[in-house]
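Below: sequence and its predicted model.
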Amino acid sequence: MQTTRLIPLALEEDEEGKDPASLTTTNRTTTTNQYKPLPVRLLQLFAMFIGLCIVFSIITIYTVKGFGLGVGIAGGRGGVMTTINSNILLCTKEPNGLDHWTRPPSNLMHTMSDDELLWRASFAPRISEYPFRRVRKMAFMFLTKGPLPLAPLWERFFKGNEGLYSIYVHALPTYKAEFPSTSVFYRRQVPSKVAEWGRMSMCDAERRLLANALLDLSNEWFILLSESCIPVYNFTSIYHYIAKSKYSFMGAFDDKGPFGRGRYNPNMAPEVNITQWRKGSQWFEVNRKLAINIVEDTIYYRKFEAFCRPACYVDEHYFPTMLTIEAAKQIANRSITWVDWSRGGPHPATFGRADITADFFKKIYEDRGCIYNNQPSSVCFVFARKFAPSTLEPLLGYGISCLVFTPTTTAYTVIEFHEIWAVAPISAKVEPPALGPAGGASSIAPSYDGVLFAAMWFWILA
């Protein structure tokens, strides 16, 4: 009777109809197993597990303190949401070599604010000689609203000159470029803000482009272009022209009329006097030193931001005036981007498909009469604007005759227009040859490879 009372009710019901002796045996086994002590080995494993948990907890606490893991808990209708922000670098070794400082950013879409970007870009070495092999590059900075309709033309222009240029695109923040991975414009868009014509936000965009380009230590010359600009010489000729110039090409002239000094505000004194007030083209080329001067400026920036508003158009006065005050002997007081103001109005002429003729380009080349390295020159412009998207096809496909200067004189030679952008590759071991005093290259350097030598003379003799 005692044994039967120990059987659970459920068991009694389940086992109804079975032999009582069998039930007694099962119950005894169950009772015996209930009171059997745990094996010593199992206790050891359990203690080891508790110890590992304690060690892991301690490591986690010190990891949070050492690496700055921030844990935030936010309540919501659905319960509790935990967010973890980690500052742990996904690398096995902290970069501590020179490459860490000389390598250009791998991703242009950074998270720096404008103030942080300008501060970072203002860094400059005090020692003029670089402790590594530095190939000087030209930074082509495109200030656009959105697409680059003439991109195929620029693709042909850049082809074969890898390592001698960098590209930066500042578009509206809402525009996302979709260039293929093989394009020179692929992932070359920088963080941007809305830029309004004639207002300080336009100069902010230009400074933003300069600052991003300055992060690459190899960039030596900085060229501001728009989506409607085209090159009117091949890459090598433009590289020569800019690299051998003693001056940067920033237009800065004293216009004593109502559209020059008439826009001056006396509140800008004493930092800016009316005799220092200058006007110039928005499209410029500056060297690295002047680019740093522009991005690090805080004195003149505040004056122009406060006292140069329409009908004072800050993009025509800020940089020309500031550089005239700070570095007048380093600028050429002219632009190298050709425009046509003959049609009148507040903006230069825009050219369409029907304008692309041989006579049109002769007009650009014959609009001559300038000073290059303190000598008279007939090569004054290496870019031109404004070209509508409809001009792309004739620019790429038609055999329009145009001109390019020879490597030995300042004379012109007629070549086929499409060959302007068919550039032979330059040896990666050397930089392009030197220019003569008036804009023509003095000779083909012997360090050039044979392909470039033959290509240049083919252009000349064609």
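Perfect, I can see it now.

can we go C-alpha only for contacts and neighbour counts from here?
Fine.

all strands in the stretch 201-350 of the chain, in order from the N-terminus.
219-226, 230-231, 285-287, 337-338 (DSSP state E, counting those that start in this stretch).

got the ones you listed as a markdown table, with distance to Glu271, mean pLDDT and mean neighbour count columns?
A markdown table is the format used below for these (distance: least, Cα to Cα, whole Å; pLDDT from 0 to 100; neighbours: other Cα atoms under 10 Å):
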| stretch | distance to Glu271 | mean pLDDT | mean neighbour count |
| --- | --- | --- | --- |
| strand 219-226 | 26 | 98 | 22 |
| strand 230-231 | 37 | 96 | 20 |
| strand 285-287 | 23 | 98 | 24 |
| strand 337-338 | 30 | 96 | 22 |
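
So which of these is nearest Glu305?
strand 219-226 (20.9 Å; Cα to Cα).

what residues does that closest one touch?
With contact meaning Cα atoms under 8 Å, 6 or more residues apart in numbering, strand 219-226 is reached by 136-144, 165-166, 206, 210, 213, 242-243, 283-288, 291.

and what of stretch 375-392?
149-150, 152-153, 228-233, 238, 335-339, 348-353, 356, 364-372, 410, 437-439.

where does the stretch 1-150 of the chain dip in pLDDT?
1-38, 63-95 (pLDDT under 70).

What segments of the stretch 51-200 of the chain are helices?
With helices called from DSSP state H, counting those that start in this stretch, the stretch 51-200 of the chain shows them at 99-102, 114-121, 151-158, 200-214.

What helices and strands are in contact with the last one?
Using 3 or more Cα pairs under 8 Å, 6 or more residues apart in numbering; DSSP states H and E, the elements in contact with helix 200-214 are helix 114-121, strand 137-143, strand 165-170, strand 219-226, helix 288-296.

and the ones you listed as CSV, adding distance to Thr321?
Converted to CSV, the helices and strands packed on helix 200-214 look like this (distance: least, Cα to Cα, whole Å):
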stretch, distance to Thr321
helix 114-121, 20
strand 137-143, 21
strand 165-170, 24
strand 219-226, 17
helix 288-296, 11
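
and of these, who's closest to Ala252?
helix 288-296 (14.2 Å).

In PDB, list the C-alpha atoms belonging to that closest one.
This file holds the C-alpha atoms of helix 288-296, laid out as PDB (Å, rounded to 0.1, in the frame of the first residue of the first chain):
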ATOM      1  CA  ARG A 288      48.400  74.900 -53.800                       C
ATOM      2  CA  LYS A 289      49.700  77.800 -51.800                       C
ATOM      3  CA  LEU A 290      46.900  80.200 -52.900                       C
ATOM      4  CA  ALA A 291      44.300  77.400 -52.400                       C
ATOM      5  CA  ILE A 292      45.400  77.100 -48.800                       C
ATOM      6  CA  ASN A 293      45.200  80.900 -48.500                       C
ATOM      7  CA  ILE A 294      41.600  80.800 -49.700                       C
ATOM      8  CA  VAL A 295      40.400  78.000 -47.400                       C
ATOM      9  CA  GLU A 296      42.000  79.300 -44.300                       C
END
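
Determine how far it lies from the middle of the whole chain.
16 Å (Cα atoms, centre = their mean, to the nearest Å).

returning to what we had before: could you flag which of the contacts of stretch 375-392 are buried?
149-150, 153, 228-233, 238, 335-339, 349, 351, 356, 364-365, 370-372, 410, 437-439 (16 or more other Cα atoms under 10 Å).

These in helices, which ones?
153, 238, 364-365 (DSSP state H).

As TSV, the residues you listed with distance to Glu305 and pLDDT would be great.
Putting those into TSV (distance: Cα to Cα, whole Å; pLDDT from 0 to 100) gives the following:
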residue	distance to Glu305	pLDDT
Leu153	36	95
Ile238	34	96
Ile364	35	86
Tyr365	38	84
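
Please compare those residues by their distance to Ile299 and name the closest.
Ile238 (33.7 Å).

Distance of that closest one relative to Glu129?
25 Å (Cα to Cα, to the nearest Å).

got the contact list for the closest residue in space to Asp255 that isn't next to it in sequence?
If the residues on either side of it in the chain are set aside, Asp255 comes closest to Arg261, at 6.1 Å by Cα to Cα, 6 or more residues apart in numbering. Taking Cα under 8 Å, 6+ apart, we find Arg261 in contact with 254-255, 274, 277-278.

Which one of those residues is nearest to Val184?
Nearest to Val184 among the contacts of Arg261, with distances taken as Cα to Cα, is Arg278, at 35.7 Å.

what pLDDT does the closest one get?
Arg278 is assigned 97 on the pLDDT scale.

residue closest to the middle of this structure?
Tyr168 (3.9 Å; Cα atoms, centre = their mean).

Verify the contact between that residue and Thr144 for me.
No - look at Tyr168 against Thr144 with Cα atoms under 8 Å: they stay out of range, at 10.6 Å.

rewinding a little: can you pull up the bridge partners for the nearest residue to the residue nearest to the centre of the chain once chain neighbours are set aside?
Nearest residue to Tyr168, sequence neighbours excluded (Cα to Cα, 6+ apart): Met141, at 4.8 Å. Beta-bridge pairing of Met141 under DSSP bridges involves Tyr168, Leu224.

Surely Met141 touches Ile167?
Yes - assessed by Cα under 8 Å, Met141 is found in contact with Ile167 at 6.0 Å.

ok now do the closest residue to Leu210 other than its chain neighbours, which residues does it touch?
Spatial nearest neighbour of Leu210, excluding adjacent residues (Cα to Cα, 6+ apart): Ala291 at 6.5 Å. Counting by Cα under 8 Å, 6+ apart, Ala291 touches 210, 214, 222.

switch the cut-off to 10 Å
Applying Cα atoms under 10 Å, 6 or more residues apart in numbering, we find Ala291 in contact with 121-122, 207, 210-211, 213-214, 220-222, 285.

Which pLDDT value does the model give it?
98.

try Pro346
77.

can you check Glu393 too?
Here, the pLDDT recorded for Glu393 equals 93.

With that, I have no additional questions.
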